[in-house]
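Engineer: pasting the sequence and the predicted coordinates here, then a few questions.
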Amino acid sequence: MALVRKIIAQSTVDGPGNRTAVFLQGCNIRCAYCHNPETQSLHDDEAKEMTAREVFEVIRKSVPFIRGITISGGECMLQTDFLEQLINLTKTEALTALIDSNGTIPFSQHRKLLDLCDGVMLDVKAWDKKVYQQLTQATNDAIVKDNLELLAKENKLAEVRIVCLPKSSPIQTDIENILQHIAQHTEIITSNVPVYLIRYRPYGVITKLKDQPATPDYEMQHYLQLAQSLYLNARI
Amino acid sequence: MANIYDIVTSRKLSYEQKVNALAHAAEDTLDVLKISEKTHFYLDKGIICNLNEGNAPYRPRYIMPDYDKAIRNGVKFLELEPPTDFDELLTFLQILYRHVPSITTYPVFLGNLDKIIEPYITDLPDEIVEKKLRNFFIYLDRTITDSFCHANLGPEDTRAGRLILKVDQQLKQAVPNLTLKYDPDITPDDYAEQAIVTSLHVANPAICNHKLNATTYDNYGISSCYNILPIGGGSYTLTRIVLPRLAQLTDNKDEFLNTLLPDALHCMADYMSERIRFIVEKSGFFESNFLATEGFVERDRFVAMFGLVGLAEAANHFMPEGKKYGNDAEADDLAEQILKTISDFAAQYECPYCEIANHRLLLHAQVGIDTDYGITSGIRIPVGDEPQSIYDHLRHSARFHKYIPTGCSDILPFDITGKKNPAAVLDIVKGAFQLGQKYIAFYADDSDLVRITGYLVKRSEMEKWNNGKVVLQNTTQFGAPAYSSGHLADRKVRHV
Ligand code: SF4
């Protein structure tokens, strides 16, 4: 059983190709720039309890038009038993399964799930601990870094995602810092892992950032150029 | 004769369009086909429609010359030697195309252009090839002033094919129409994705299910509006049954299926046979035209396209309010029953001079003409009735496409984010083809070039025509009214 927020039959922004995306309810870190704050609470009337089998039956309606599924949230790694069951089922239809995670749950403690899935799309929100704690309610930033290293080494890093807040925002992020550090993982460069630089947009945001205008083009271009100069497979 | 006077004095027709219209008017003064009383009734009611083919056909409707053979052997009638380099090839083709007749008076098939070109460019750098191709394509667009004209690419990946796509995307022209023959086992993903990105910029190329269509004949090509025809032959005629107009004659479904439909089909088949006999026995085409006498087309490689249009409205006519083709299982079942009746009829009718089709008529989902009001292309779902899910839409198509050997297609407008993830669009194509969907075309909802029923027209040119200005392309004149009467601007945009 899992609490499912919604299932999008056709998504082109949740990993390579055409995929069905499953969004689970519940998140643990309350990011300041969260677009979907309604998915944060662990209980919500608009979310639905569903078994892995039930979710799978919905996914099946998208076969053969999709190459796989992406499980996202909220934070889907809060419901790992369900993930395992669901991914096991999707393998019967030869679908790939990606996990979209904020990296706060150590994958090293979920070996079976890691082996089973085809990759993880990992959020790297900050490199500096203070920045991380300003952006989120998480305390331990080391887990994300450990996850990054583990996933890169084991060739399970499907994508790195970095939300770029504008320089004018009240929270100063350290995007340059993140890029410098991820570029030190040679596996990320040699396996050409896509690094998505996501422009901040105020849609859906309910925190003090809600009146913050979107990150301007030239800032995005700056990050893109920096990332490319570090040989990262960066995209915006 | 009022008609002829109108043509002569028109301010909206170009000189060339006047000449063609006058030739057509002259042909229609003849009365040489033997047509029964009953067939006349169906013709007058617009139930059987010859798509303006004229009263005395003097060439097959669609001609698919074997260009490879012409290039190998040269063309005696045109005093053309086999070309020896790229420049000679392009000149050779320009001259040859000019002499390929068809119902539109322009060639409807330009060959497997990538394969034709590939051996001639091995020693040339990209820039040179692109420049020459660009000039060649501009020449085609400005002289073949009718976008029922088609060049084919694939399924193999070629350098020529990639350069053609690149030039096509830069030029944004309505001519030539391009189709990529696509087979996931042969065509590499990145090539197919380049085709999709091009298509989301300029509504061209369309994508054809090579695995399925290749089983129709030994060697097929795509011409005109998605016609699947034998290369080295073509189609004598395309006549269509306008199903909703036939359905209007009764409210009784059984009478329609068991009496009216078989009767009309029979009349249409006899009428087509009569047209074919005239072309073969009387017109002299196969004895005198160089394409036939030099073996670039063979008489026994021509087929007869048995067209149908408006399956949706015909089925809906017998359904209670709210139960609609594309949305309702019962309506879909009835539609399939109608289609099967037509298909079964075609499979047993003996049609003269159609050796390559085993003397059978071949079904074609005719895409419609500008004067069709409230009649949807072939077997498509009416604009506005499309299922919510694109997957259901394509599953529906696959179910009906299997009955149609000589061409049926879907046109899907995608929102522009598709350009960013062509792999996603390709996944959808792969899925559709795996289920039996045969042919798919897209355009982006912000594109100037739009697909009308199969051919391409520029929105900007339609505006000119609507404002009473002369336009170069014939098809703009068909496109403008069809675009508004078919509510094509309201097609369901597929978000990717
Ligand atoms: S991790 Fe994602 S879902 Fe959770 S709060 Fe942050 S942005 Fe929102």
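Structural biologist: Good, I have the coordinates.
Engineer: ok, and for the single longest helix found in chain B, which residues are buried?
Structural biologist: Secondary structure assigned by DSSP state H gives helix B:329-348 as the longest helix of chain B. Residues of helix B:329-348 classed as buried: B:331-332, B:334-336, B:338-339, B:341-343, B:345-346 (neighbour count, 16 or more other C-beta atoms under 10 Å in any protein chain shown). Where you see a C-beta, it was placed from the backbone N, CA and C, and this is true even at glycine.
Engineer: cool, and stretch B:275-290?
Structural biologist: Buried residues in stretch B:275-290, counted by 16+ other C-beta under 10 Å: B:275-280, B:283, B:285-286, B:289-290.
Engineer: which of those residues fall within strands?
Structural biologist: Judged by DSSP state E, those include no members of strands.
Engineer: among those, which are located in helices?
Structural biologist: When DSSP H defines the helices, the subset of those inside them is B:275-277, B:285-286, B:290.
Engineer: with those in mind, which one is nearest to residue B:85?
Structural biologist: residue B:290 (24.1 Å; C-beta to C-beta).
Engineer: so which residues on chain A come close to chain B?
Structural biologist: Contact residues, chain A versus chain B (C-beta under 8 Å from any C-beta of the partner chain): A:9-10, A:12-13, A:16-19, A:61-67.
Engineer: of the residues you listed, just the buried ones, ChimeraX syntax please.
Structural biologist: Here is the ChimeraX selection string for the buried members of the residues of chain A next to chain B, based on 16+ other C-beta under 10 Å:
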select /A:9,10,12,16,17,18,19,62,64,65,66,67
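Engineer: nearest to residue B:219 among the residues of chain A next to chain B?
Structural biologist: Nearest to residue B:219, judged by C-beta to C-beta, of those is residue A:64 at 28.9 Å.
Engineer: show me the contacts for that closest one.
Structural biologist: Contact analysis of residue A:64 by C-beta atoms under 8 Å, 6 or more residues apart in numbering or on different chains lists B:430-431, B:434-435.
Engineer: so residue A:76 versus the ligand, what's the distance?
Structural biologist: In this structure, residue A:76 and the ligand are 10 Å apart, going by C-beta to the nearest ligand atom, to the nearest Å.
Engineer: what is the burial count for residue 54?
Structural biologist: Just going to use chain A. 15 (other C-beta atoms under 10 Å in any protein chain shown).
Engineer: hm, I was asking about chain B
Structural biologist: Neighbours around residue B:54, by other C-beta under 10 Å: 19.
Engineer: am I right that residue B:228 is in a strand?
Structural biologist: Yes: the assignment for residue B:228 is a strand, going by DSSP: H, G, I helix; E, B strand; the rest coil.
Engineer: please report the distance of it from residue B:427.
Structural biologist: 24 Å (C-beta to C-beta, to the nearest Å).
Engineer: more neighbours: those two, which one.
Structural biologist: residue B:228 (28 against 25).
Engineer: quick check: that one touching residue B:406?
Structural biologist: Yes: counting by C-beta atoms under 8 Å, residue B:228 does reach residue B:406; the two are 5.2 Å apart.
Engineer: shared neighbours of these two, anything?
Structural biologist: With C-beta under 8 Å, 6+ apart, residue B:228 and residue B:406 have common neighbours residue B:216.
Engineer: tell me the domain boundaries of chain B?
Structural biologist: As recorded under automatic domain parsing, the domains making up chain B are B:33-59+B:237-378+B:395-408, B:61-226+B:409-496.
Engineer: those: which one's closest to residue A:180?
Structural biologist: Smallest distance to residue A:180 across the domains of chain B (C-beta to C-beta): 27.0 Å, for domain B:61-226+B:409-496.
Engineer: any idea which strand is longest in chain B?
Structural biologist: strand B:233-242.
Engineer: and that one, what other elements does it pack with?
Structural biologist: Strand B:233-242 is packed against strand B:48-49, strand B:62-64, strand B:227-230, helix B:261-277, strand B:302-309, with contacts defined by 3 or more C-beta pairs under 8 Å, 6 or more residues apart in numbering or on different chains; DSSP states H and E.
Engineer: make JSON lines out of those and add distance to chain A and mean pLDDT.
Structural biologist: Formatted as JSON lines, those follow (distance: least, C-beta to the nearest C-beta, whole Å; pLDDT from 0 to 100):
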{"stretch": "strand B:48-49", "distance to chain A": "36", "mean pLDDT": "96"}
{"stretch": "strand B:62-64", "distance to chain A": "32", "mean pLDDT": "97"}
{"stretch": "strand B:227-230", "distance to chain A": "23", "mean pLDDT": "96"}
{"stretch": "helix B:261-277", "distance to chain A": "34", "mean pLDDT": "98"}
{"stretch": "strand B:302-309", "distance to chain A": "28", "mean pLDDT": "97"}
